[in-house]
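K.L.:
okay, structure incoming, though there's no sequence with it:
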C-alpha cells in the first residue's frame with residue numbers, strides 16, 4: 001500500500017498476476033487497473049512497483065510472461081481516461097519507480113552504463129541517467145522517492161545511506177542513516193520538507209526486541225539521532 005495525493009494505492013492479487021486499486025481515504029474504490037492490461041498475448045504480469053503521477057496516470061513497472069516461454073519488461077501508463085501506453089524497458093531493470101513532477105518517471109535499478117536511476121518517461125530534454133558515488137550498492141529492499149519536483153532520493157539499506165540527486169544537474173549528495181540493531185523491521189520514508197521518518201521499536205537501550213515490542217514514529221535529527229515524533233501513536237510490530 002502507498003499514499004499519493006491523499007489517495008491510497010494498493011497492489012492486490014488478480015487472475016493474471018496483480019491488480020492496482022486506487023481508493024479515497026474512506027476506502028471507496030475509485031479505480032481498478034489490471035497490470036499488463038492492453039498488452040496482447042499476455043499470460044501473466046509480475047508487478048515490480050507502481051506509482052501515481054500528479055495528473056492521475058497510474059504507472060506500473062512489470063515483468064510480462066508471454067507465450068512460448070518469452071518474457072519482457074514493460075512500463076504501463078494508465079491514465080484516468082483513454083487507452084494505456086506500454087513502454088518496453090529493454091535496457092533497464094526496474095526495482096522501484098518514482099514520479100518526479102518536473103522531469104518524468106524514473107526507475108531505480110541496473111541498466112544504462114553505470115547509472116543507478118534511469119528516466120523511462122518524460123520530456124525528451126534533460127538527463128536520462130543518474131549515477132551514485134563509488135561503493136554504493138543496490139541490495140536489500142530499496143526505495144525511490146521524489147519528495148519535491150526536481151529531486152530524487154534513493155534509500156539504499158545495504159549502504160545505510162540516502163542518496164539525493166538534482167534531477168536536472170545530476171549532482172548527488174549522501175546522507176548516512178543509522179539503522180537499529182537486532183531484529184527491527186525498518187520502515188522508511190521522507191517527508192516533503194526533507195525530514196527522514198521511520199517506524200522503530202520502542203525499547204530501552206540494550207533491551208532485546210520481542211514479537212510484542214511496539215513501534216513508534218521517529219524522525220532523524222541533524223546529530224544523526226532518532227527522536228520520536230510527539231503526539232503520534234504506537235503500532236504492533
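P.N.:
Great, that's in hand. Note that this is a predicted model, so its numbers are computed, not measured.
K.L.:
what's the end-to-end length of stretch 158-172?
P.N.:
Using CA to CA, to the nearest Å, one end of stretch 158-172 lies 18 Å from the other.
K.L.:
residues in contact with it?
P.N.:
Applying CB atoms under 8 Å, 6 or more residues apart in numbering, the set of residues contacting stretch 158-172 from outside is 100, 102-103, 106, 116-117, 126-127, 130-133, 135-140, 146, 150-156, 173-179, 190, 196. To be clear about C-beta, it is placed using only N, CA and C from the backbone, and glycine gets the same treatment.
K.L.:
ok, residues contacting the lowest-mean-pLDDT helix or strand in the chain?
P.N.:
When the helices and strands of the chain are compared on mean pLDDT, DSSP states H and E, strand 187-190 comes out lowest with a mean of 84. For strand 187-190, the surrounding residues in contact (CB under 8 Å, 6+ apart) are 143, 145, 147, 153, 155, 157, 162, 177, 196, 197, 198, 199.
K.L.:
what do you get if the cut-off is 6 Å, keeping everything else the same?
P.N.:
Defining contact as CB atoms under 6 Å, 6 or more residues apart in numbering, one finds that strand 187-190 is touched by 145, 147, 153, 155, 196, 197, 198, 199.
K.L.:
again, but for stretch 197-212
P.N.:
Here stretch 197-212 makes contact (CB under 6 Å, 6+ apart) with 180, 182-184, 187-189, 213-216, 218-219.
K.L.:
buried sites along stretch 101-118?
P.N.:
103, 104, 105, 106, 107, 108, 109, 111, 115, 116, 117, 118 (16 or more other CB atoms under 10 Å).
K.L.:
turn those into CSV, columns for secondary structure and distance to residue 40.
P.N.:
Converted to CSV, these look like this (DSSP: H, G, I helix; E, B strand; the rest coil; distance: CB to CB, whole Å):
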residue, secondary structure, distance to residue 40
103, coil, 30
104, strand, 26
105, strand, 23
106, strand, 27
107, strand, 24
108, strand, 29
109, coil, 26
111, coil, 25
115, coil, 31
116, coil, 33
117, strand, 30
118, strand, 26
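K.L.:
wait, which of those is closest to residue 230?
P.N.:
When those are compared for distance to residue 230 (CB to CB), residue 108 comes out closest, at 32.7 Å.
K.L.:
wait, the closest one touches residue 117, no?
P.N.:
Yes. Using CB atoms under 6 Å, residue 108 is in contact with residue 117, at 5.4 Å.
K.L.:
contacts only, for residue 215.
P.N.:
199, 201, 235.
K.L.:
tell me if I am right that the first one is in a strand.
P.N.:
Yes. The assignment for residue 199 (DSSP: H, G, I helix; E, B strand; the rest coil) places it in a strand.
K.L.:
related to what we said a few turns ago, so which of the contacts of strand 187-190 is surrounded by the most neighbours?
P.N.:
residue 155 (25 neighbours; other CB atoms under 10 Å).
K.L.:
pretty sure that residue is in a strand, no?
P.N.:
Yes. Under three-state DSSP, residue 155 falls within a strand.
K.L.:
who does it bridge with?
P.N.:
Counting by DSSP bridges, residue 155 is bridged to residue 143, residue 162.
K.L.:
mind putting the contacts of residue 215 into JSON lines with pLDDT?
P.N.:
Listed next are the contacts of residue 215 as JSON lines, based on pLDDT from 0 to 100:
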{"residue": "199", "pLDDT": "92"}
{"residue": "201", "pLDDT": "90"}
{"residue": "235", "pLDDT": "90"}
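K.L.:
just the helices in this structure please.
P.N.:
In the chain, no helices are defined using DSSP state H.
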